[in-house]
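J.: no sequence on this one, just coordinates:
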């Protein structure tokens, strides 16, 4: 068996006030934009708010290259 766990930091500006009364409702209605910790099938995917399973700078560069290519193909660059 493996664990699936997600943790959010409730001490953020976006969660201020809401998490005091009902933390579960705060997660649903305040739509936190970042996960502090996530484990899926026993594998840590997010640690201290950082993705562990991706090489983020390389992913961002590939995305930017694809976007530039699309702009060129559309005649907008």
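T.: Structure received. Here the structure is a predicted model, which is why all the values come from computation and not from measurement.
J.: where does pLDDT dip in this structure?
T.: Counting by pLDDT under 70, the chain contains low-confidence residues at 32.
J.: at 50 what do you get?
T.: Filtered on pLDDT under 50, the chain yields no residues whatsoever.
J.: who's in contact with the one residue sitting closest to the centre of it?
T.: What sits nearest the mean C-alpha location of the chain, by Cα atoms, centre = their mean, is residue 34, with 4.6 Å. Residue 34 makes contact with 8, 9, 49, according to Cβ atoms under 8 Å, 6 or more residues apart in numbering. C-beta: built from backbone N, CA, C; applies to glycine.
J.: do that again at 6 Å, thanks
T.: The contact partners of residue 34, by Cβ atoms under 6 Å, 6 or more residues apart in numbering, come to residue 49.
J.: from residue 54, how far out is it?
T.: When distance is defined by Cβ to Cβ, to the nearest Å, residue 34 is 15 Å away from residue 54.
J.: for residue 44, same thing?
T.: Residue 44 is 13 Å from residue 54, by Cβ to Cβ.
J.: one more: residue 38?
T.: 13 Å.
J.: neighbour count for the two, which is higher?
T.: Relative neighbour count places residue 38 above the other of residue 38 and residue 54, with 19 against 11, counting by other Cβ atoms under 10 Å.
J.: which other residues reach the strand or helix carrying that one?
T.: Following DSSP states H and E, one finds residue 38 within strand 37-40. Strand 37-40 has contacts (Cβ under 6 Å, 6+ apart) with 3, 4, 5, 6, 7, 45, 46.
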